[in-house]
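K.L.:
With the sequence up front, the predicted model follows.
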Amino acid sequence: MHIMTKEQEYAKAMDTYHRNPLYNKLALVVSAVVVFLQAVTLTGIEWDMPPVAYALCLVVAYLVTDFINGLVHMFMDNNNNYTSIIGPLIAVFHLHHKHPLYKDRHPAMIYILESGSKNWLVVYLSLVIFAQNYSAMAPSLNFTLVMVGVLSSFAEVSHYLCHNSFSPAVQFLQRWGVLLRPGHHARHHEADNVNYAFLNGVTDPLLNAIAHRTCNGYMTRSDLHVKSYTGGQSSNRA
């Protein structure tokens with residue numbers, strides 16, 4: 001029996017992605033569901049805390065979001081299981097190293113469209129809605145969990161601006177650590193197995209320690225599988 005190389009498995013997974021509408025249209029469905037669920041969670045916030053409490057919760061949510069999305073990024077970058085049922089989704093995800101620039105779009109469209117890559121967020125937001133309706137969550141926890149869901153999509157906007165924007169306002173927010181700095185994120189594309197966070201990168205020291213202990217890196221694995229691929233790319237990349 002012929003055993004395919006990883007490069008061949010990758011090419012086959014990409015072919016499946018482009019030919020099978022269950023895969024290549026899934027992102028549009030997921031993006032719509034995610035944005036809808038985010039709106040539902042926002043309606044479940046109890047607006048009865050002092051302003052300083054909301055500010056503190058937002059800081060916590062920022063840190064948690066940066067870390068969680070970095071973990072997901074780490075898992076996907078190091079996942080080469082192209083023959084699994086989610087293999088085509090793993091394969092198309094790896095294209096972001098080959099084509100780091102996005103098509104120029106309004107940030108609002110990036111927020112919506114790039115949410116389609118976050119299948120895990122559908123489960124997370126559904127659990128938050130369940131907790132809002134069937135548990136006695138503290139208002140602070142409720143607000144924090146909702147913000148993690150919203151900021152997980154906003155992280156995609158921060159990543160987009162890091163690659164595509166030279167706006168003075170964006171650069172100001174990057175300097176102050178609100179958005180992801182290009183110089184910081186560049187290490188993820190230039191080195192191996194580092195700087196997976198992409199909201200503002202503040203949790204990268206912790207993520208890098210985890211990656212060092214648990215991952216083999218992407219430059220000698222998934223990046224090489226993508227490099228040999230000559231077919232189509234994801235629709236949101238330049």
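P.N.:
Cool, got the structure. Numbering: from 1, shown residues only.

K.L.:
Which residues are in contact with S153?
P.N.:
Counting by Cβ atoms under 8 Å, 6 or more residues apart in numbering, S153 touches 34-35, 38, 111-112, 114-115, 118, 121. Where you see a C-beta, it was placed from the backbone N, CA and C, and this is true even at glycine.

K.L.:
if you set the cut-off to 6 Å instead, what comes out?
P.N.:
With contact set as Cβ atoms under 6 Å, 6 or more residues apart in numbering, S153 has these partners: 111, 115.

K.L.:
Read off the pLDDT value for it.
P.N.:
S153 is assigned a pLDDT of 98 by the prediction.

K.L.:
Run a quick neighbour tally on the closest residue to K6 other than its chain neighbours.
P.N.:
Of all residues not flanking K6 in the chain, H225 sits nearest, at 5.2 Å (Cβ to Cβ, 6 or more residues apart in numbering). H225 has 22 neighbouring residues, counting by other Cβ atoms under 10 Å.

K.L.:
Geometric centre of this protein: which residue is closest?
P.N.:
N69 (5.5 Å; Cα atoms, centre = their mean).

K.L.:
isn't there a helix covering that one?
P.N.:
Yes: counting by DSSP: H, G, I helix; E, B strand; the rest coil, N69 is found in a helix.

K.L.:
Thought A155 was touching it, still the case?
P.N.:
Yes: N69 is within contact range of A155, at 5.0 Å (criterion: Cβ atoms under 6 Å).

K.L.:
sorry, back to before: name the SS class of the residue nearest to K6, please.
P.N.:
Following three-state DSSP, H225 is assigned to helix.

K.L.:
Likewise for A197?
P.N.:
Secondary structure, three-state DSSP: A197 is coil.

K.L.:
Leaving out sequence neighbours, find the closest residue to it.
P.N.:
Closest to A197 by Cβ to Cβ, 6+ apart is G70, at 3.7 Å.

K.L.:
show me where pLDDT drops low in this structure?
P.N.:
1-3, 232-238 (pLDDT under 70).

K.L.:
Tell me which stretches of it form helices.
P.N.:
Taking DSSP state H as the test, the helices found in the chain are 6-19, 21-24, 26-43, 51-77, 87-93, 95-98, 107-114, 119-134, 139-164, 168-175, 182-190, 204-214, 222-227.

K.L.:
Which of those helices sits closest to A197?
P.N.:
Between A197 and these, the shortest separation by Cβ to Cβ is 3.7 Å, and it involves helix 51-77.

K.L.:
Please state the offset of the closest one from the chain centre?
P.N.:
Average the C-alpha atoms of helix 51-77, do the same for its chain, and the two points are 12 Å apart (Cα atoms, centre = their mean, to the nearest Å).

K.L.:
can you give me the angle it makes with helix 119-134?
P.N.:
When axes from the mean of the first three to the mean of the last three Cα atoms, to 10 degrees is applied, the directions of helix 51-77 and helix 119-134 differ by 140 degrees.

K.L.:
Which positions within helix 51-77 qualify as buried?
P.N.:
Residues of helix 51-77 classed as buried by neighbour count (16 or more other Cβ atoms under 10 Å): 54, 57, 61-74, 76-77.

K.L.:
which strands and helices sit next to that helix?
P.N.:
helix 139-164 (3 or more Cβ pairs under 6 Å, 6 or more residues apart in numbering; DSSP states H and E).

K.L.:
buried stuff in the helix it packs on?
P.N.:
Residues 142-164 are the ones in helix 139-164 that count as buried (16+ other Cβ under 10 Å).
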